[in-house]
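S.K.: with the input below, show me the fold.
(one chain, ligands or ions: 2)
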Amino acid sequence: MRPEDTPGNLFVVAAPSGAGKSSLVKALLELDSRLAVSVSHTTRKARGQEQHGREYWFIDEAEFRGMIDRGDFFEWAQVHGNLYGTSRSAIEARLERGEDVVLEIDWQGALQIKKIFPHAVLIFILPPSWTELEQRLRRRGEDDAATIEVRMANAREEVAQARHFDFVIINSLFETALFDLKTVVHSQRLKYAAQLRNRSQVFAALDLS
Ligand SMILES: Nc1ncnc2c1ncn2[C@@H]1O[C@H](COP(=O)(O)OP(=O)(O)OP(=O)(O)O)[C@@H](O)[C@H]1O
Ligand SMILES: Nc1nc2c(ncn2[C@@H]2O[C@H](COP(=O)(O)O)[C@@H](O)[C@H]2O)c(=O)[nH]1
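M.R.: Ligands and ions are numbered 1, 2, ... in the order given. Okay, here's the model as predicted:
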């Protein structure tokens, strides 16, 4: 089966750091048992309560480069000075089983994924303002001042990439943004179901069986 023929829906959520994409995806997963999030590999050090295998697979640069050489990643990118990648093993089997998967990755990875999986739905989350973005990074309390400065500087370039995405959601009021995200996921399932010919497949795609 070619990647683009896999029956599961693939959603890619990107945003500048601090816009709230992890919070939104976490809330979405709590409401939607048919959706699974892919756990990426990174060379970044774990912060706060993060656990190996839960938020990320934390590996060193030599291991990461080895995975690149072996072709283990669907996509990878350097983001804010660290390496991040989506491994084939993280999503391939799930999509082939017809499960829906969400990737929380940066815009460079999102565009690589769209080339491999043209049916992937790319969603960009925007903060309501630059000031609010910086305040969210500070309030989160996970990054030092230098890290926040780098992330705020990179945010300008990242936001300019929103035009390549299928949907843009402004995360001002959290519940409104979550509703918008749920609507995109639901619409994609309806669109996929409408393309199916077989009645039982339609029911399964909409979880009606
Ligand atoms: N709508 C919102 N209003 C106010 N605060 C929010 C909102 N959405 C998220 N936050 C808060 O903003 C902070 C950043 O959110 P989060 O960690 O989800 O961002 P992120 O985009 O995943 O960042 P990163 O890419 O660095 O992981 C968190 O403290 C979160 O609780
Ligand atoms: N291209 C990829 N980008 C990824 C992946 N996993 C996470 N990310 C992005 O990196 C930044 C920083 O994340 P943080 O956890 O250090 O705050 C953020 O934009 C993530 O979406 C990945 O597998 N590939």
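
S.K.: so how far is stretch 158-176 off the chain centroid?
M.R.: 13 Å (Cα atoms, centre = their mean, to the nearest Å).

S.K.: for that stretch, buried residues please.
M.R.: By neighbour count with 16 or more other Cβ atoms under 10 Å, stretch 158-176 contains the buried residues E158, V159, Q161, A162, F165, F167, I169, N171. Every C-beta, even on glycine, is put in place using the N, C-alpha and C of the backbone.

S.K.: endpoints of that stretch, how far apart?
M.R.: End-to-end span of stretch 158-176 (Cα to Cα, to the nearest Å): 23 Å.

S.K.: avg pLDDT for it?
M.R.: Average pLDDT, stretch 158-176: 98.

S.K.: just stretch 91-101 next, same as before
M.R.: So the average pLDDT for stretch 91-101 ends up being 88.

S.K.: give the buried residues for it.
M.R.: I91, E92, R94, L95, E99, D100, V101.

S.K.: need the three-state assignment for the residue in the chain that ligand 2 sits nearest to.
M.R.: Closest to ligand 2 within the chain is G109: 2.5 Å, counting by Cβ to the nearest ligand atom. Secondary structure state of G109, per DSSP: H, G, I helix; E, B strand; the rest coil, is helix.

S.K.: check contacts around it.
M.R.: Counting by Cβ atoms under 8 Å, 6 or more residues apart in numbering, G109 makes contact with V12, A14, E75, W76, A77, Y84, G85, T86, L103.

S.K.: swap in 7 Å and give it another go.
M.R.: E75, A77, T86 (Cβ atoms under 7 Å, 6 or more residues apart in numbering).

S.K.: for ligand 1, see how far away Q112 is.
M.R.: The gap separating Q112 from ligand 1 is 18 Å, by Cβ to the nearest ligand atom, to the nearest Å.

S.K.: quick check: the gap between the most centrally placed residue in the chain and ligand 1.
M.R.: The residue lying closest to the centre of the chain (Cα atoms, centre = their mean) is E104, at 1.9 Å. E104 sits 7 Å away from ligand 1, taking Cβ to the nearest ligand atom as the criterion.

S.K.: which residues does that residue bridge with?
M.R.: Beta bridges link E104 to V13 when assigned by DSSP bridges.

S.K.: list the buried residues in the helix with the most length in the chain.
M.R.: Identified as the longest helix of the chain according to DSSP state H is helix 174-195. By neighbour count on 16+ other Cβ under 10 Å, the buried set for helix 174-195 is A177, L178, D180, L181, V184, V185, Q188, Y192, A193.
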